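Colleague: Let me see the structure of the following:
(one chain, ligands or ions: 2)
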Amino acid sequence: MVSVPAGITSTERRAVTEAAVHAGAKGAYVVKEPILAAIGAGLPINSASGNMIVNIGGGTSEVAVIALGGIVSWASVRVAGNKIDHAITDYIKKKHNLAIGERTAEYIKVTIGSAVSEKGKEDSMEIRGRDLLNGLPRTIVIKSSEITDAIAETLREIIQAVKAVLRETPPELAADIIERGMTISGGTALLRNLDQLITSSTGVQAIVAEEPLLCVAKGTGVALENLDVYKKSIITRK
Ligand SMILES: Nc1ncnc2c1ncn2[C@@H]1O[C@H](COP(=O)(O)OP(=O)(O)OP(=O)(O)O)[C@@H](O)[C@H]1O
Ligand SMILES: [Mg+2]
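Modeller: Numbering: from 1, shown residues only. Ligands and ions are numbered 1, 2, ... in the order given. Down below sits the predicted model:
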(Lines give C-alpha, C1' and ligand atoms only; values in the text may rest on other atoms or scores of the structure.)
(Ligands and ions follow the chains in the order given, each with its own letter.)
Protein backbone atom coordinates (compact mmCIF):
# COMPACT_ATOMS: atom_id res chain seq x y z
CA MET A 1 0.00 0.00 0.00
CA VAL A 2 1.46 3.32 -1.08
CA SER A 3 0.37 6.73 0.15
CA VAL A 4 0.30 9.48 -2.48
CA PRO A 5 -0.45 13.22 -2.39
CA ALA A 6 -4.16 14.08 -2.75
CA GLY A 7 -3.45 16.01 -5.97
CA ILE A 8 -1.88 13.09 -7.84
CA THR A 9 -2.74 12.65 -11.55
CA SER A 10 -3.91 9.33 -13.02
CA THR A 11 -0.62 8.98 -14.91
CA GLU A 12 1.37 9.46 -11.72
CA ARG A 13 -0.90 6.96 -9.99
CA ARG A 14 -0.18 4.33 -12.63
CA ALA A 15 3.54 5.07 -12.35
CA VAL A 16 3.36 4.43 -8.60
CA THR A 17 1.62 1.05 -8.92
CA GLU A 18 3.95 0.02 -11.73
CA ALA A 19 6.99 0.97 -9.68
CA ALA A 20 5.69 -1.10 -6.77
CA VAL A 21 5.04 -4.12 -8.99
CA HIS A 22 8.44 -3.76 -10.67
CA ALA A 23 10.02 -3.66 -7.25
CA GLY A 24 8.57 -7.10 -6.65
CA ALA A 25 5.22 -6.50 -4.92
CA LYS A 26 2.56 -9.07 -5.81
CA GLY A 27 -0.10 -6.39 -5.66
CA ALA A 28 -0.17 -2.65 -5.00
CA TYR A 29 -2.82 -0.32 -3.60
CA VAL A 30 -2.69 3.45 -3.81
CA VAL A 31 -4.42 5.63 -1.22
CA LYS A 32 -4.33 9.40 -0.78
CA GLU A 33 -2.17 10.53 2.12
CA PRO A 34 -4.81 12.63 3.96
CA ILE A 35 -7.06 9.56 4.09
CA LEU A 36 -4.30 7.46 5.61
CA ALA A 37 -3.41 10.25 8.06
CA ALA A 38 -7.07 10.39 9.12
CA ILE A 39 -7.27 6.61 9.57
CA GLY A 40 -4.03 6.69 11.57
CA ALA A 41 -5.46 9.47 13.72
CA GLY A 42 -8.48 7.27 14.47
CA LEU A 43 -11.09 9.31 12.56
CA PRO A 44 -14.21 7.41 11.40
CA ILE A 45 -13.63 8.24 7.72
CA ASN A 46 -16.36 5.91 6.44
CA SER A 47 -19.13 7.65 8.36
CA ALA A 48 -21.49 10.06 6.62
CA SER A 49 -20.33 12.94 8.77
CA GLY A 50 -17.45 15.25 7.91
CA ASN A 51 -13.96 14.48 9.24
CA MET A 52 -11.28 17.11 8.85
CA ILE A 53 -7.59 16.32 8.83
CA VAL A 54 -4.69 18.77 8.57
CA ASN A 55 -1.46 16.87 7.90
CA ILE A 56 1.55 19.16 8.27
CA GLY A 57 4.80 17.42 7.42
CA GLY A 58 8.20 18.65 6.28
CA GLY A 59 7.57 19.70 2.69
CA THR A 60 3.79 19.91 2.36
CA SER A 61 0.67 20.62 4.34
CA GLU A 62 -2.42 18.78 3.16
CA VAL A 63 -5.85 19.69 4.40
CA ALA A 64 -8.87 17.51 3.65
CA VAL A 65 -12.48 16.96 4.62
CA ILE A 66 -13.40 13.28 4.34
CA ALA A 67 -16.84 11.64 4.40
CA LEU A 68 -18.01 8.18 3.28
CA GLY A 69 -14.39 7.16 2.69
CA GLY A 70 -13.70 9.87 0.12
CA ILE A 71 -12.21 13.36 0.04
CA VAL A 72 -14.91 16.03 -0.26
CA SER A 73 -12.72 19.14 -0.27
CA TRP A 74 -9.01 19.59 0.07
CA ALA A 75 -6.01 21.85 -0.40
CA SER A 76 -2.31 21.26 -0.49
CA VAL A 77 0.46 23.82 -0.04
CA ARG A 78 4.21 23.36 -0.21
CA VAL A 79 4.63 25.09 3.11
CA ALA A 80 5.41 23.04 6.23
CA GLY A 81 8.26 22.27 8.63
CA ASN A 82 11.10 22.97 6.18
CA LYS A 83 9.78 26.45 5.38
CA ILE A 84 9.47 27.13 9.11
CA ASP A 85 13.15 26.21 9.48
CA HIS A 86 14.05 28.54 6.59
CA ALA A 87 12.13 31.38 8.21
CA ILE A 88 14.19 30.88 11.38
CA THR A 89 17.47 30.84 9.41
CA ASP A 90 16.48 34.03 7.54
CA TYR A 91 15.48 35.81 10.72
CA ILE A 92 18.76 34.99 12.51
CA LYS A 93 20.73 36.08 9.47
CA LYS A 94 18.91 39.41 9.17
CA LYS A 95 18.48 40.23 12.83
CA HIS A 96 21.67 38.85 14.34
CA ASN A 97 24.05 38.72 11.36
CA LEU A 98 24.63 35.07 12.08
CA ALA A 99 24.65 32.16 9.61
CA ILE A 100 23.28 28.89 11.00
CA GLY A 101 22.82 25.48 9.40
CA GLU A 102 19.55 23.68 8.63
CA ARG A 103 19.90 21.33 11.55
CA THR A 104 20.42 24.20 13.98
CA ALA A 105 17.30 25.94 12.66
CA GLU A 106 15.24 22.77 13.16
CA TYR A 107 16.73 22.28 16.62
CA ILE A 108 15.75 25.83 17.62
CA LYS A 109 12.20 25.21 16.34
CA VAL A 110 11.78 21.97 18.27
CA THR A 111 13.40 23.33 21.44
CA ILE A 112 11.92 26.82 21.90
CA GLY A 113 9.63 27.32 18.88
CA SER A 114 6.04 28.23 19.63
CA ALA A 115 3.20 29.27 17.33
CA VAL A 116 1.82 31.63 19.98
CA SER A 117 3.78 33.64 22.55
CA GLU A 118 3.07 32.58 26.11
CA LYS A 119 3.11 35.44 28.57
CA GLY A 120 5.49 34.83 31.43
CA LYS A 121 6.81 31.62 29.85
CA GLU A 122 9.61 32.98 27.74
CA ASP A 123 12.26 30.35 26.92
CA SER A 124 15.66 31.09 25.52
CA MET A 125 18.65 29.13 24.26
CA GLU A 126 22.24 29.62 23.18
CA ILE A 127 23.01 29.03 19.54
CA ARG A 128 26.24 28.97 17.64
CA GLY A 129 26.84 30.07 14.07
CA ARG A 130 29.17 32.02 11.87
CA ASP A 131 29.29 35.79 12.11
CA LEU A 132 28.40 37.20 8.70
CA LEU A 133 30.54 40.30 9.18
CA ASN A 134 33.90 38.86 10.27
CA GLY A 135 33.41 35.18 9.36
CA LEU A 136 34.23 33.95 12.87
CA PRO A 137 32.20 31.60 15.09
CA ARG A 138 29.87 33.40 17.47
CA THR A 139 27.35 32.41 20.15
CA ILE A 140 24.09 34.30 20.74
CA VAL A 141 21.07 33.86 22.98
CA ILE A 142 17.74 33.67 21.26
CA LYS A 143 14.29 34.00 22.82
CA SER A 144 11.18 32.02 21.97
CA SER A 145 9.17 35.18 21.29
CA GLU A 146 11.63 36.06 18.51
CA ILE A 147 11.02 32.67 16.92
CA THR A 148 7.26 33.12 17.21
CA ASP A 149 7.54 36.37 15.22
CA ALA A 150 9.97 34.86 12.71
CA ILE A 151 7.64 31.96 11.80
CA ALA A 152 4.30 33.82 11.95
CA GLU A 153 4.07 34.54 8.22
CA THR A 154 4.86 30.93 7.28
CA LEU A 155 2.21 29.62 9.68
CA ARG A 156 -0.27 32.10 8.21
CA GLU A 157 0.19 30.47 4.79
CA ILE A 158 -0.72 27.07 6.26
CA ILE A 159 -3.74 28.56 8.00
CA GLN A 160 -4.89 30.11 4.70
CA ALA A 161 -5.09 26.58 3.28
CA VAL A 162 -7.14 25.43 6.27
CA LYS A 163 -9.53 28.35 5.80
CA ALA A 164 -9.84 27.70 2.06
CA VAL A 165 -10.97 24.14 2.75
CA LEU A 166 -13.43 25.24 5.44
CA ARG A 167 -14.94 27.72 2.96
CA GLU A 168 -15.38 24.99 0.31
CA THR A 169 -16.93 22.44 2.65
CA PRO A 170 -20.67 21.79 2.20
CA PRO A 171 -22.68 23.24 5.12
CA GLU A 172 -23.85 19.93 6.64
CA LEU A 173 -20.30 18.62 6.80
CA ALA A 174 -19.03 21.96 8.10
CA ALA A 175 -21.53 21.63 10.94
CA ASP A 176 -20.03 18.24 11.90
CA ILE A 177 -16.55 19.74 11.84
CA ILE A 178 -17.53 22.69 14.01
CA GLU A 179 -18.99 20.22 16.49
CA ARG A 180 -16.07 17.78 16.56
CA GLY A 181 -13.13 19.95 15.55
CA MET A 182 -10.31 19.21 13.11
CA THR A 183 -7.42 16.85 13.76
CA ILE A 184 -3.83 17.88 13.06
CA SER A 185 -1.16 15.28 12.24
CA GLY A 186 2.35 15.19 10.77
CA GLY A 187 5.55 16.14 12.56
CA THR A 188 4.80 19.86 12.48
CA ALA A 189 1.63 19.25 14.52
CA LEU A 190 4.13 18.95 17.40
CA LEU A 191 5.08 22.63 17.10
CA ARG A 192 4.12 24.11 20.45
CA ASN A 193 0.74 25.91 20.48
CA LEU A 194 0.05 25.33 16.80
CA ASP A 195 -3.32 23.84 17.76
CA GLN A 196 -4.08 27.01 19.70
CA LEU A 197 -3.15 29.26 16.77
CA ILE A 198 -5.25 27.27 14.27
CA THR A 199 -8.20 27.26 16.68
CA SER A 200 -8.08 31.00 17.27
CA SER A 201 -7.61 31.90 13.61
CA THR A 202 -10.31 29.63 12.18
CA GLY A 203 -12.86 29.45 14.99
CA VAL A 204 -12.82 25.65 14.73
CA GLN A 205 -11.11 23.65 17.42
CA ALA A 206 -7.87 21.99 16.29
CA ILE A 207 -6.87 18.82 18.15
CA VAL A 208 -3.40 17.25 17.85
CA ALA A 209 -3.60 13.55 16.95
CA GLU A 210 -1.95 10.98 19.16
CA GLU A 211 1.63 10.39 17.91
CA PRO A 212 1.16 12.83 15.00
CA LEU A 213 4.46 11.83 13.35
CA LEU A 214 3.18 8.27 12.92
CA CYS A 215 -0.39 8.84 11.67
CA VAL A 216 0.25 8.18 7.97
CA ALA A 217 2.36 5.09 8.67
CA LYS A 218 -0.18 3.71 11.15
CA GLY A 219 -3.06 4.48 8.79
CA THR A 220 -1.30 2.64 5.98
CA GLY A 221 -0.97 -0.45 8.15
CA VAL A 222 -4.58 -0.31 9.33
CA ALA A 223 -5.89 0.13 5.77
CA LEU A 224 -3.79 -2.75 4.46
CA GLU A 225 -5.03 -5.06 7.19
CA ASN A 226 -8.65 -4.04 6.57
CA LEU A 227 -8.82 -3.77 2.79
CA ASP A 228 -12.51 -4.51 2.78
CA VAL A 229 -13.41 -1.75 5.23
CA TYR A 230 -11.40 0.86 3.33
CA LYS A 231 -12.03 -0.33 -0.26
CA LYS A 232 -13.85 2.92 -1.12
CA SER A 233 -10.69 4.88 -0.36
CA ILE A 234 -8.35 2.83 -2.54
CA ILE A 235 -7.90 4.75 -5.78
CA THR A 236 -5.87 2.18 -7.69
CA ARG A 237 -5.25 -1.49 -7.15
CA LYS A 238 -3.08 -3.68 -9.26
N1 LIG B 1 8.62 18.54 18.24
C2 LIG B 1 8.52 19.12 17.04
N3 LIG B 1 8.18 20.43 16.93
C4 LIG B 1 8.08 21.02 15.73
N5 LIG B 1 8.30 20.39 14.55
C6 LIG B 1 8.64 19.10 14.60
C7 LIG B 1 8.77 18.38 15.84
N8 LIG B 1 9.14 17.10 15.56
C9 LIG B 1 9.24 17.02 14.21
N10 LIG B 1 8.94 18.20 13.63
C11 LIG B 1 8.97 18.55 12.19
O12 LIG B 1 8.12 17.67 11.49
C13 LIG B 1 8.56 17.61 10.12
C14 LIG B 1 8.53 16.17 9.65
O15 LIG B 1 7.22 15.71 9.75
P16 LIG B 1 6.72 14.42 8.93
O17 LIG B 1 7.58 13.26 9.24
O18 LIG B 1 5.27 14.31 9.16
O19 LIG B 1 7.02 14.92 7.44
P20 LIG B 1 7.10 14.07 6.10
O21 LIG B 1 5.97 13.12 6.05
O22 LIG B 1 8.48 13.52 5.98
O23 LIG B 1 6.94 15.23 5.02
P24 LIG B 1 5.83 15.44 3.91
O25 LIG B 1 4.53 14.96 4.46
O26 LIG B 1 5.84 16.90 3.65
O27 LIG B 1 6.29 14.65 2.73
C28 LIG B 1 9.96 18.22 10.07
O29 LIG B 1 9.88 19.53 9.49
C30 LIG B 1 10.34 18.33 11.56
O31 LIG B 1 11.19 19.43 11.83
MG1 LIG C 1 4.04 13.20 5.39
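Colleague: Let's see the pLDDT reported for Thr60.
Modeller: We have a pLDDT of 94 for Thr60.
Colleague: And it, how far from Leu191?
Modeller: From Thr60 across to Leu191, the span is 15 Å (CB to CB, to the nearest Å). C-beta: built from backbone N, CA, C; applies to glycine.
Colleague: for Thr139, same thing?
Modeller: In terms of CB to CB, Thr139 sits 25 Å off from Leu191.
Colleague: so what's the residue nearest the centre of the chain up against?
Modeller: With distances taken as CA atoms, centre = their mean, Ile56 lies nearest the centre of the chain, 0.4 Å away. Going by CB atoms under 8 Å, 6 or more residues apart in numbering, Ile56 touches Ala80, Gly81, Ile158, Ile184, Ser185, Gly186, Gly187, Thr188, Ala189, Leu194.
Colleague: Any chance of the backbone angles for it?
Modeller: phi -110, psi 110 (degrees, to the nearest 10).
Colleague: if we can go back for a sec, ok, Thr139 and Leu191, which is more surrounded?
Modeller: Applying other CB atoms under 10 Å to Thr139 and Leu191 shows that Leu191 carries more neighbours, namely 21 against 9.
Colleague: Would you agree Thr154 falls within a strand?
Modeller: No - counting by DSSP: H, G, I helix; E, B strand; the rest coil, Thr154 falls outside a strand, being helix.
Colleague: residues near it, how many?
Modeller: Other residues near Thr154 number 19, with proximity taken as other CB under 10 Å.
Colleague: how about it, what does it touch?
Modeller: Residues near Thr154 by CB under 8 Å, 6+ apart: Val79, Lys83, Ile84, His86, Ala87.
Colleague: Pull out the buried residues from those residues.
Modeller: Val79, Lys83, Ile84, Ala87 (16 or more other CB atoms under 10 Å).
Colleague: Just give the closest residue to the residue nearest to the centre of the chain, not the sequence neighbours.
Modeller: Residue nearest to Ile56 in three dimensions, not counting chain neighbours: Thr188, with 3.8 Å by CB to CB, 6 or more residues apart in numbering.
Colleague: What does the pLDDT read for that neighbour?
Modeller: Here, the pLDDT recorded for Thr188 equals 98.
Colleague: One more: the one 4 residues further on?
Modeller: Arg192 is assigned 97 on the pLDDT scale.
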